[in-house]
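Sequence and predicted structure below; questions after.
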Number of protein chains: 2
Amino acid sequence: MKTLQQMGEHAAIAALTANLKAVGDDCAVLPMNETHDMVLTSDPLIENVHFTSETTPEQIGHKAICRVLSDFAAMGAEPQYLLVNVVAPPEQNFQTLEKIYAEFSNLWKKYGAEVVGGDLAQGPVLELHVFGVGRVPKGTALLRSGAQPGDLIYVTGPLGGAQQSGKQFTFEPRLDWGNALRESGVVTSMMDISDGLATDLRHILKASGVGAELDGSLIPCNGTLEQALYDGEDFELLFTAPPVATFPSLGTDCICIGRVTGDAERLLLDGAPLAAKAFEHFKS
Amino acid sequence: MKTLQQMGEHAAIAALTANLKAVGDDCAVLPMNETHDMVLTSDPLIENVHFTSETTPEQIGHKAICRVLSDFAAMGAEPQYLLVNVVAPPEQNFQTLEKIYAEFSNLWKKYGAEVVGGDLAQGPVLELHVFGVGRVPKGTALLRSGAQPGDLIYVTGPLGGAQQSGKQFTFEPRLDWGNALRESGVVTSMMDISDGLATDLRHILKASGVGAELDGSLIPCNGTLEQALYDGEDFELLFTAPPVATFPSLGTDCICIGRVTGDAERLLLDGAPLAAKAFEHFKS
């Protein structure tokens, strides 16, 4: 009998969801009303996995909510409502929770996503499970599956070093970019970078049945190229669009880092195959 | 600085949500489209708190999903979509998760609530966090706040002993009852019994600004009256309606157990004040 450690996160999720509705984009997209689709997503934030005892309550609250908001950005969607399940041990300092909830209020004012419910239960470590409901104009959600050979590949900002720099706790979810890119009508696929460029781009390649060639000299790096490829938790948007596309400029430009090929699921960096070795839950 | 153990679950939730949108019913009710409101809820299921190492995967899956479905029943709402965050240690046996997900599929076929997403992350014990989205015809969701002096108090089935009998893992969420009671148009307040009749009825009294007199001889018991009042995890519906009301009969009848009074938040059993002592997370 296999353990999760032997399987790894991605194989386990694939096996568990094989009989359920297609799962794979940053959010599930479902019918809502005449004008909009509903988008749903959830993300856990767990002590000693996603943060440590050194992390401040404001940082914990920020990361918990903004990971979910980044999922909405990745679909070009607008977040509306959030529910939060808090798990904590009996000895949990209550003031920490108050500060986390104060950050929820700050983020509500900033991004319009309101916490409307949730639960509080006892468990061994502090955890926040954030569930989000949002919307997107009907049929316009940006998926991972639309990349075409010949498209160019873009990111919305520099990658790498988010753990060391603290960006993992302070990043801005790219909601404005997501919305503007969806409205531009030229983007063929999109997702956010949480597990690292090398891993996340593979999700687009698999969903779209295409390959990609990255140009290392074009990839914007916070630190080394290795870090930009594998560190993760950048929460920048990664997307594809035809070469002739022009994008909105939100104070800065989208950065082209390579192109889509017809060579299914083959990922090259400067002409050589790129190794997959990003962080994966359970894999030791 | 206070800990959660010193505050208790209910005081902690009240303090944390004081600055957020009104939280207090089994589900949050929000605008969705011209004909329906959206209802949202979430429930955690945590090893050594809500189940033990003796609990079977089928029971774990059943309780995780059906607690959420019971929340929908309590609003008279229809469940639509579910997301599940699974937390597990690296040594988690994968077959257990497969059996839990097989139960999700069984429940989808039975109740129409489909798992459309979620996440899998590493943590110290097995946990399932289930988030649900449902709908209810606009303006018809049954809240806790509508009970009126003179109303009678009803439950949909016998109470008590759900931990010992195993009903906590096999109960039927009262979706048919919830829907029929909402359609009857006579119910003034409703919720489901998760923490025990004595505790949960107080939520209705507080939300409605009323009191109640229970008749111990009328309360349907699995075991002793004490158990019916305090055990919890019955997941029967508790509701109020005017004395002249007639209800749909779904193979069995609703059981009248007392009446609503104008004596704000005063709860009597056979004429004497009833002690509050149900299970509460964190309280030792």
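Sure, I can see it. Remember, it's a predicted structure, so these values are computed and weren't measured experimentally.

need the contact list for the residue nearest the centre of chain A.
For chain A, the residue nearest the mean C-alpha position is A:Asp192 (3.7 Å; Cα atoms, centre = their mean). By Cβ atoms under 8 Å, 6 or more residues apart in numbering or on different chains, the residues touching A:Asp192 are A:26, A:70-71, A:73-74, A:174, A:200, A:235-238. C-beta here means a position set from N, CA and C on the backbone, and glycine is covered the same way.

how about the residues you listed in TSV, adding distance to chain B, neighbour count and secondary structure?
Shown next, in TSV, are those (distance: Cβ to the nearest Cβ, whole Å; neighbours: other Cβ atoms under 10 Å in any protein chain shown; DSSP: H, G, I helix; E, B strand; the rest coil):
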residue	distance to chain B	neighbour count	secondary structure
A:Asp26	9	28	coil
A:Ser70	13	27	helix
A:Asp71	10	29	helix
A:Ala73	17	34	helix
A:Ala74	13	33	helix
A:Arg174	20	23	coil
A:Asp200	15	21	helix
A:Phe235	15	25	coil
A:Glu236	20	27	coil
A:Leu237	19	27	strand
A:Leu238	19	23	strand
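
A:Gly76 is in contact with A:Thr140, correct?
Yes. A:Thr140 lies in contact with A:Gly76 (Cβ atoms under 8 Å); the separation is 6.6 Å.

Setting aside sequence neighbours, what's the nearest residue to whatever residue of the stretch 1-150 of chain A ends up closest to chain B?
Closest contact between the stretch 1-150 of chain A and chain B, by Cβ to the nearest Cβ, is at A:Asn33 (3.3 Å). Leaving out its chain neighbours, the residue that sits closest to A:Asn33 by Cβ to Cβ, 6 or more residues apart in numbering or on different chains is B:Asn33, at 3.3 Å.

To what extent is that neighbour buried, counted in neighbours?
16 (other Cβ atoms under 10 Å in any protein chain shown).

for A:Arg259, same thing?
17.

Can you give me the distance of it to A:Ala212?
Distance from A:Arg259 to A:Ala212, counting by Cβ to Cβ, to the nearest Å: 7 Å.

any residues in contact with both of those two?
With Cβ under 8 Å, 6+ apart, A:Arg259 and A:Ala212 have common neighbours A:Ile153.

returning to that earlier point: so what's the backbone phi/psi at the residue nearest to the centre of chain A?
phi -100, psi 160 (degrees, to the nearest 10).

next SSE after the helix or strand A:Val260 falls within?
Using DSSP states H and E, A:Val260 sits within strand A:255-261. Sequence-wise, the next helix or strand downstream of strand A:255-261 (DSSP H and E) is strand A:267-269.

is any part of stretch A:133-142 close to chain B?
Yes. Applying Cβ under 8 Å from any Cβ of the partner chain, one finds stretch A:133-142 touching chain B at A:Val133.

Name the surrounding residues that touch that stretch.
Against stretch A:133-142 from outside (Cβ under 8 Å, 6+ apart): A:25, A:27, A:29, A:32, A:34-41, A:72, A:74-82, A:113, A:178, A:181-182, A:187, A:189-190, A:239, B:38, B:40, B:133.

List, one by one, the residues from the stretch 51-200 of chain A near chain B.
For the stretch 51-200 of chain A, the residues in contact with chain B (Cβ under 8 Å from any Cβ) are A:80-81, A:83-95, A:97-98, A:101-102, A:104-105, A:114-125, A:127, A:129, A:131, A:133.

Drop anything exposed from those.
A:80-81, A:83-88, A:92, A:94, A:97-98, A:101, A:104, A:114-125, A:127, A:129, A:131, A:133 (16 or more other Cβ atoms under 10 Å in any protein chain shown).

Now do the shared contacts for A:Thr140 and A:Gly76.
Common neighbours of A:Thr140 and A:Gly76 (Cβ under 8 Å, 6+ apart) are A:Arg182.

Please say which of those two ends up with more neighbours.
Using other Cβ under 10 Å as the criterion, A:Thr140 and A:Gly76 rank with A:Gly76 on top: 26 against 15.

Need the nearest residue in space to that one, chain neighbours excluded.
Nearest residue to A:Gly76 in three dimensions, chain neighbours excluded: A:Arg182, at 2.7 Å (Cβ to Cβ, 6+ apart).

OK, contacts around the one you found?
A:75-77, A:136, A:140-142.

Can you dump the C-alpha atoms of the strand or helix carrying it in PDB for me?
Using DSSP H and E, A:Arg182 sits within helix A:175-184. C-alpha atoms of helix A:175-184 as PDB (Å, rounded to 0.1, in the frame of the first residue of the first chain):
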ATOM      1  CA  LEU A 175      -5.900  41.100 -10.200                       C
ATOM      2  CA  ASP A 176      -5.600  44.200 -12.300                       C
ATOM      3  CA  TRP A 177      -3.300  42.400 -14.700                       C
ATOM      4  CA  GLY A 178      -5.600  39.400 -14.900                       C
ATOM      5  CA  ASN A 179      -8.600  41.500 -15.600                       C
ATOM      6  CA  ALA A 180      -6.800  43.700 -18.200                       C
ATOM      7  CA  LEU A 181      -5.300  40.600 -20.000                       C
ATOM      8  CA  ARG A 182      -8.700  38.900 -20.100                       C
ATOM      9  CA  GLU A 183     -10.300  42.100 -21.500                       C
ATOM     10  CA  SER A 184      -7.500  42.400 -24.100                       C
END
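
what's the spacing between it and its chain's center?
15 Å (Cα atoms, centre = their mean, to the nearest Å).

Likewise for stretch A:88-95?
29 Å.

what's the answer for stretch A:203-216, then?
With Cα atoms, centre = their mean, you get 17 Å for stretch A:203-216.

Can you list the buried residues in that stretch?
Within stretch A:203-216, the residues scored as buried using 16+ other Cβ under 10 Å are A:203-205, A:207-208, A:210-214, A:216.

from the contacts of A:Asp192, which single one is nearest B:Phe169?
Set against B:Phe169, the nearest of the contacts of A:Asp192 by Cβ to Cβ is A:Asp71 (32.4 Å).

ok, the closest one touching A:Asp26?
Yes. Judged on Cβ under 8 Å, A:Asp71 makes contact with A:Asp26 at a distance of 4.2 Å.

For those two, list the residues in contact with both.
Counting by Cβ under 8 Å, 6+ apart, the common neighbours of A:Asp71 and A:Asp26 are A:41, A:192.

where along the stretch 101-250 of chain A do the strands fall?
A:114-122, A:127-137, A:152-155, A:189-192, A:211-214, A:237-241 (DSSP state E, counting those that start in this stretch).

what residues are up against A:Ala212?
Contacts of A:Ala212 by Cβ under 8 Å, 6+ apart are A:153, A:201, A:204-205, A:258-261, A:266-268.

Likewise for A:Leu181?
By Cβ under 8 Å, 6+ apart, the contact set of A:Leu181 is A:76, A:142, A:187, A:190, A:237, A:239, A:247-248, A:254.
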